[in-house]
Structure formats: C-alpha cells, structure tokens
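Asker: Here is a sequence with its predicted model. Questions after.
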Amino acid sequence: MSQNNNNNNNNKDKPHNNSQKPNKDEPTIQTQIIQKNENEKPNENLNENISNPNENQNEKEIQIENDGDEDEFQTLENENEKENENEKEKEKEPKKQTKREIKREEKEVTSFRRKKFSKRRYFFRKRSPELFELFSMCEKFPKKVRIPRLGIKKHEIEKTAFDLKVWDRIKGSKNSGGWVYQNVEEVKKQRGIVWQIVKNIASNLVSKESDLEYFSLPVSVFEPRSYLERLLDSYCYAPIFLNLAAEEKKPVERMKLVICMILAGLHNTIIQLKPFNPILGETFQGLFPDGTKIYCEQISHHPPISSWQLISIENQFHLYGKGKFVSTFKGMSILGYQKGVITVEFRNNEKIEFTTPSLSLKGLAFGERIVHYVGKSTFVDKKNGLQCEINFTPHSSGFFKSIFGKGNKKPTDFFEGDIIKTTKSTKDNQEIETTEKLCHIQGSWLGKIDFDDQTYFSVNDKFPKFKPIPVDKPLPSDSRYRDDLIALKKQNLKEAAKAKHKLEEIQRRDRKLRREYHPNDSQKEIQAIVIDHPTEENYEELEKEAMKYVKEEDKKKKQNKKK
Ligand SMILES: CC(C)CCC[C@@H](C)[C@H]1CC[C@H]2[C@@H]3CC=C4C[C@@H](O)CC[C@]4(C)[C@H]3CC[C@]12C
C-alpha cells in the first residue's frame with residue numbers, strides 16, 4: 001500500500017472535511033517537506049544513533065502493518081508474543097498439534113487483540129481525525145499510525161509502575177536511574193578539555209562555579225548546530241500533544257497533554273555535544289513535518305537570551321518563550337538549564353505557562369558519564385485555577401523514603417507530582433481558598449508518563465519524533481549560513497576552528513562599538529579563556545593534574561566536615 005492510498009482511506013473516515021485545502025498549482029507543505037527530507041539525509045544521520053535506537057524495529061513493523069487494512073494497529077510486540085506462544089506449545093506437545101490447529105489458535109489470538117486495538121482506534125478517531133493526516137504527512141513514519149495509549153487501563157496491561165524491569169525506558173538507561181553516555185571516544189575527547197578547565201579553576205583563574213561561556217572551547221566537542229536549533233529537540237512531540245490539547249475541552253485533560261509534551265521530549269535532549277553559541281540577531285526558521293512554523297532568534301548578547309515560538313498551521317496553538325541557557329560547572333559536574341517561562345496559548349483563549357527542569361552531567365572528569373534531570377517543573381493554568389508541580393528527585397526527600405522503604409527504591413529518573421485545583425469562594429464577605437487534588441502523575445523522564453492509573457506516553461509506543469525542516473529561503477541571519485557551522489558539517493575541523501575564531505573576533509568588535517555609542521548599556525566584555533584540543537602527550541599530564549586537584553578538594557571537604 002502506498003502512502004497516497006493510506007491518505008485517501010483516512011479522508012473517507014473523517015466526519016468533516018478540512019475546508020482549507022491549498023491550490024493544486026501551489027506546492028503544498030507536504031510536497032515541500034518530502035523534497036526537503038531527501039536533501040536533509042546526512043544531517044539526520046547525526047542524531048539517529050542516539051535519538052532512536054528502535055529504528056530498525058520500526059521497519060519490520062511497517063511491513064507487518066501493510067498486510068491488511070484491518071491490521072493497521074497490529075504491532076510487532078503482538079507478532080512476537082504469538083510466536084513465543086507457538087514455540088512454547090510446540091515444546092510441550094511437539095507431534096500432536098497439526099498446522100491447522102496452530103493457525104486456528106493464532107486466529108483466536110489476533111481476533112482478541114483486534115478488539116482491544118479497535119477500541120483504541122475508536123478513541124483516537126473520536127478525539128482527532130486530523131491526526132491521521134498529521135501522521136501520514138510525516139514522511140519518515142508514513143504508515144506507522146500509533147495512538148497515544150489514552151483510555152487503556154493499566155490492569156489491562158498487567159504491569160505495575162514500580163517494577164523496574166517493566167518500565168519503558170530508552171536504551172542506555174541505568175537500573176539505578178539516569179542515562180549513560182556510551183560513546184567512549186567522545187567522552188575521552190571531552191575529558192582532556194574538562195581537565196584543562198579544572199586546571200584553570202585550580203589556579204584560581206576562574207571561580208569554582210563558573211559558566212561555560214567564560215571558556216572558548218575547541219570545535220572538536222561541538223555539533224554542527226546552534227542552541228537555536230538544539231532547543232527544538234525538546235519539542236519533538238509538540239505537534240502531537242499540542243494539537244490534541246487544542247481540541248480538548250476539559251481543562252484538566254488539556255493540562256495533562258501539555259505536561260506530556262514537555263516530559264516526553266526530555267529524553268530527546270541528552271546528546272553530549274556542545275552546540276554553538278548563537279550570535280546576537282541570529283535566527284532560525286523552520287517547519288515541523290506537519291506544517292507547524294518555527295521561529296527562533298537570539299535577542300540579547302549578555303546575558304545571552306534566545307527567544308522562540310511555534311505556531312501551528314491553523315493557529316490551533318501558539319507556543320512562545322524566551323530564556324537564557326545556563327550551563328555551570330559545579331565541582332565535577334555540569335548543571336544545564338533554561339532560565340525563563342514558556343507559554344502555550346490555544347485557539348479557544350486557554351493559556352498554560354510552564355518551566356522546565358535542569359539537566360545534570362555527572363562523571364565529567366572521571367568515571368561513568370551519566371545524565372540526570374533534577375529540580376522541578378511547574379505548570380500553571382491561571383484561568384481555571386490549575387497548578388502542577390513535578391519533582392524530579394522525589395526519592396531524595398525523607399518523606400518518600402519512609403513510604404517506599406529500601407526494597408522499593410525507585411530509579412533516580414523517576415518523577416512525581418500532582419495536579420491541584422484551587423477554587424475561590426466568598427462566604428460572609430471573606431475569601432476562602434479551597435484546594436483539591438485532582439490527579440497524580442508519575443513516571444520516568446526516560447520514557448514513561450502515567451496519570452493515576454492510565455499510561456499517556458511510553459517510548460515503546462514509538463511515536464514519530466518531529467525534526468525541524470529548515471525553510472527554503474530564510475533570512476540572511478539564519479544560523480545555517482554560519483561559516484564555522486558549515487565547516488563542521490563538512491567535518492573540516494581546521495577550517496571550523498578558524499571560522500569560529502573569526503566570528504568571535506567580529507563579535508568582540510561589535511560589542512566595543514555598541515559600548516561606544518551606548519555608554520549606559522551594560523554589555524559586559526568577557527575575556528573568554530581559550531582551551532585547545534589536547535594532544536596525546538598532553539593528555540596524561542593533564543589527567544595527573546586534575547587528579548591532584550580532585551584529591552585536594554576531597555581533603556578539604558573532609559576537613560570541613562570534621563569542623
Ligand atoms: C566540555 C564539554 C564536556 C561540554 C559539553 C557540555 C554540553 C553537553 C552541555 C553544556 C550546556 C548544556 C545545555 C544547557 C541547557 C539546556 C536546556 C535544557 O532545557 C535542555 C538541555 C540543555 C540544552 C543542555 C544540554 C547539554 C549541554 C549542551
């Protein structure tokens with residue numbers, strides 16, 4: 001079945017037609033996207049190793065799903081289960097069962113499953129017929145139409161959220177929690193650089209808790225993107241969940257879907273490469289495969305502040321935010337977060353504001369490189385009086401420890417929170433505030449979100465991850481035109497380093513001029529400390545020095561504790 005066929009079928013099922021259809025003469029967004037994607041292939045490969053470990057499985061899945069129209073939602077899992085069941089039976093009674101009997105049993109199993117899945121499909125259609133189109137427009141996942149697991153009760157799946165092995169988490173997740181970076185070469189490269197930073201701290205050239213922006217790092221640890229493009233990684237599920245949220249009439253359900261959008265995208269932001277710092281006025285214009293428009297711009301140099309917005313095709317939702325990307329050295333780890341509030345506005349004048357948690361990299365200089373999300377994420381819907389705070393390290397507080405004891409220790413990537421409703425009423429001229437707990441959230445940022453006893457998101461569902469497609473004719477300030485970025489894309493490190501140096505020089509001169517014309521402007525001049533790529537002879541020396549420093553720090557800590 002071709003992709004076009006699939007589209008037609010979906011259109012038939014739709015209860016109402018989309019009135020806004022583009023003219024045939026004009027290239028539709030869809031066709032543009034398909035052409036674009038073909039050109040973009042080398043770029044995609046870069047992220048694929050990390051972002052989607054299950055890609056190969058998907059291909060198989062598509063083949064299976066193509067067999068018949070009815071089996072649209074038959075998954076590989078079911079196929080596997082069937083096989084397993086058959087194998088077990090064969091082992092028990094190898095000769096008695098004929099092929100026919102096995103086939104009959106198979107049919108029974110599939111019909112049972114079909115019932116389950118048709119339920120899902122009905123739910124999906126009822127919610128949003130447009131989503132079928134949305135999925136089929138995404139070129140990479142044309143036929144793999146999967147529904148969010150809304151409406152399926154957990155007891156049907158027979159899994160408990162606290163069972164670690166059953167948890168749906170991405171490849172590389174640790175049993176005790178967090179995600180381990182497996183690229184040994186990359187880590188080794190970065191260590192040499194981290195040791196040099198440690199050396200600078202040890203000789204008191206910079207303070208202990210210093211921002212990464214005080215260093216000019218070598219291009220060998222960079223990825224050929226700027227922060228403006230990188231920040232979009234966390235919105236890879238935004239079109240799916242926000243389109244659903246825009247249709248939702250219940251405020252609680254809407255908030256749940258917005259929470260899903262942010263928490264589900266967290267596992268897509270853990271790439272361990274440094275993006276380029278955007279230059280003042282740099283822009284990025286793009287499209288998500290469903291047509292959602294993306295605009296990003298760097299609006300301040302010091303402090304470096306970026307702003308971004310996503311606008312869906314028919315203005316269903318409008319997400320906007322601005323903030324600083326902070327990354328500070330904290331002893332032997334880096335804490336990275338985005339300072340600022342993000343807002344989503346929907347067509348029906350509903351509005352939700354939220355903040356995101358912080359990312360912590362451990363094992364920078366020695367040991368295993370582990371990524372954690374720490375801190376809090378808050379969601380506020382002022383109009384409907386809804387509020388939600390999600391805690392990313394609940395196990396560390398004494399309260400939760402006492403409840404779940406030692407045996408039930410949850411992994412550190414576990415998060416927990418509540419949606420709370422506050423209602424104001426006046427009685428005898430006095431304002432009374434009553435709070436009510438509506439819903440409990442728990443899950444892992446590495447791939448699972450549960451609301452009460454319903455699973456809303458699981459990585460095993462393999463939703464399509466949306467990647468931004470750069471627009472055809474962007475502004476000349478687009479980050480794609482940066483020389484250092486272009487050179488790094490071609491893997492020409494020498495040229496990239498040269499271009500990076502040149503751009504830094506230009507920025508310095510610009511700052512000087514700005515200060516001359518606006519003396520009151522508080523644009524600080526930072527003298528970045530240049531850090532080179534370490535040579536092999538250098539490497540061991542640096543390691544020894546860093547070791548020395550770490551040991552001294554440990555001694556100081558111990559002495560402080562004794563006092
Ligand atoms: C010297 C070498 C090891 C430095 C490499 C550090 C890299 C991996 C760090 C430095 C700054 C960090 C970023 C800082 C802020 C944010 C915003 C947050 O919402 C998502 C993660 C993200 C995007 C971080 C990702 C990891 C990051 C890019």
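Answerer: Cool, got the structure.

Asker: residues from this structure in reach of the ligand?
Answerer: 190, 193-194, 212, 217, 221, 230, 234, 269, 272, 274-275, 325, 327, 334, 336-338, 356, 359 (Cβ under 6 Å from any ligand atom). Any C-beta I mention is one placed from the backbone N, CA and C, and that applies to glycine too.

Asker: from the residues you listed, which would you call buried?
Answerer: Buried members of the residues of the chain next to the ligand, scored by 16 or more other Cβ atoms under 10 Å, are 190, 193-194, 212, 217, 221, 230, 234, 269, 274-275, 325, 327, 334, 337-338, 356, 359.

Asker: So out of everything in the stretch 301-450 of the chain, what residue is nearest the ligand?
Answerer: Across the stretch 301-450 of the chain, the shortest distance to the ligand (Cβ to the nearest ligand atom) belongs to Gly336, at 2.8 Å.

Asker: if we can go back for a sec, in helices, which of the residues of the chain next to the ligand appear?
Answerer: 190, 193-194, 230 (DSSP state H).

Asker: Of those residues, just say which sits nearest to the ligand.
Answerer: Gln190 (3.9 Å).

Asker: Show the pLDDT at that closest one.
Answerer: The predicted local distance difference test score for Gln190 is 88.

Asker: which ones are touching it?
Answerer: 221, 272, 364 (Cβ atoms under 8 Å, 6 or more residues apart in numbering).

Asker: So, low pLDDT: which residues of the stretch 101-250 of the chain?
Answerer: Low-confidence segments of the stretch 101-250 of the chain (pLDDT under 70): 102, 105-167.

Asker: if we can go back for a sec, most widely separated two among the ones in helices among the residues of the chain next to the ligand?
Answerer: Farthest-apart pair in these is Val194 and Arg230; separation 20.1 Å (Cβ to Cβ).

Asker: number of nearby residues for Lys188?
Answerer: 11 (other Cβ atoms under 10 Å).

Asker: Correct me if wrong, but Ser425 is in a helix.
Answerer: No - Ser425: not assigned to a helix; according to DSSP: H, G, I helix; E, B strand; the rest coil it is strand.

Asker: what's the burial count for the nearest residue to it once chain neighbours are set aside?
Answerer: Distances taken as Cβ to Cβ, 6 or more residues apart in numbering place Ile432 nearest to Ser425, at 5.3 Å, with adjacent residues excluded. Using other Cβ under 10 Å, Ile432 has 10 neighbouring residues.

Asker: ok, then the element right after the one helix or strand Ile432 maps to?
Answerer: Ile432 is part of strand 430-444 when elements are defined by DSSP states H and E. Counting by DSSP H and E, the next helix or strand C-terminal to strand 430-444 is strand 448-451.

Asker: what is the rounded mean pLDDT of that next one?
Answerer: 86.

Asker: so what does it touch, helix or strand wise?
Answerer: helix 251-265, strand 430-444, strand 454-458 (3 or more Cβ pairs under 8 Å, 6 or more residues apart in numbering; DSSP states H and E).

Asker: Direction included, what does the second one pair against?
Answerer: The pairing partners recorded for strand 430-444 under DSSP bridges are strand 414-427 (antiparallel), strand 448-451 (antiparallel).

Asker: Would you mind pulling the contact partners of the last one?
Answerer: Meaning strand 448-451. 154, 161, 167-169, 256, 259-260, 263-264, 439-443, 455-459.

Asker: Now the buried members of those.
Answerer: Applying 16+ other Cβ under 10 Å to the contacts of strand 448-451 flags 161, 167-169, 256, 259-260, 263-264, 439, 441-443, 455-459 as buried.

Asker: For the stretch 251-400 of the chain, give me the ranges with low pLDDT.
Answerer: 394-400.

Asker: before we move on, what about the stretch 401-550 of the chain?
Answerer: Looking at the stretch 401-550 of the chain by pLDDT under 70, you get 401-409, 521-526.

Asker: if you set the cut-off to 80 instead, what comes out?
Answerer: 401-411, 453, 460-463, 518-528, 534-537 (pLDDT under 80).

Asker: Next, the contact list for whichever residue of it sits closest to the ligand, please.
Answerer: Ranked by Cβ to the nearest ligand atom, the top residue of the stretch 401-550 of the chain for proximity to the ligand is Ile531, at 8.3 Å. When contacts are counted by Cβ under 8 Å, 6+ apart, Ile531 touches 193, 196-197, 215-218.

Asker: Return the distance of Leu359 relative to Gly178.
Answerer: To Gly178, Leu359 is 11 Å away according to Cβ to Cβ, to the nearest Å.

Asker: Which neighbours do those two have in common?
Answerer: 371-372.

Asker: which residues touch Ala528?
Answerer: 213-216, 504.

Asker: swap the cut-off to 10 Å and go again
Answerer: Contact analysis of Ala528 by Cβ atoms under 10 Å, 6 or more residues apart in numbering lists 212-217, 504, 508.

Asker: Buried only: go through those residues for me.
Answerer: 212-217, 504.

Asker: Can you pull the phi/psi pair for the residue nearest to Glu282 when sequence neighbours are not counted?
Answerer: Of all residues not flanking Glu282 in the chain, Gln298 sits nearest, at 4.7 Å (Cβ to Cβ, 6+ apart). When read as degrees, to the nearest 10, the backbone of Gln298 gives phi -90, psi 120.

Asker: so how far is Lys99 from Phe329?
Answerer: 66 Å.

Asker: between the two, which one's more packed in?
Answerer: Phe329 (23 against 7).

Asker: doesn't that one fall inside a strand?
Answerer: Yes - Phe329: assigned to a strand according to three-state DSSP.

Asker: any idea how far it lies from Lys556?
Answerer: Phe329 is 17 Å from Lys556, by Cβ to Cβ.

Asker: Then Phe325?
Answerer: Phe325 is 31 Å from Lys556, by Cβ to Cβ.

Asker: do Val180 as well
Answerer: 29 Å.

Asker: More neighbours: which of the two?
Answerer: Neighbour totals were compared for Val180 and Lys556, and Val180 leads with 13 against 10 (other Cβ under 10 Å).

Asker: ok, what's across the strand from the more buried one?
Answerer: Bridge pairing for Val180 - DSSP bridges - gives Ile370.

Asker: For it, give me its contacts.
Answerer: So Val180 contacts 171-174, 363, 368-371 (Cβ under 10 Å, 6+ apart).

Asker: Buried subset of these as a PyMOL selection?
Answerer: Command for PyMOL, covering only those of those found buried under the criterion 16+ other Cβ under 10 Å:
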select buried, resi 172+173+174+363+369+370+371
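
Asker: Max pairwise distance over the contacts of Val180: which two?
Answerer: Lys171 and Gly363 (18.6 Å).

Asker: Distance of the nearest residue to Phe317 once chain neighbours are set aside relative to Ala487?
Answerer: Distances taken as Cβ to Cβ, 6+ apart put Leu242 closest to Phe317, at 4.4 Å, once the chain neighbours are dropped. Distance of Leu242 to Ala487, given as Cβ to Cβ: 36 Å.
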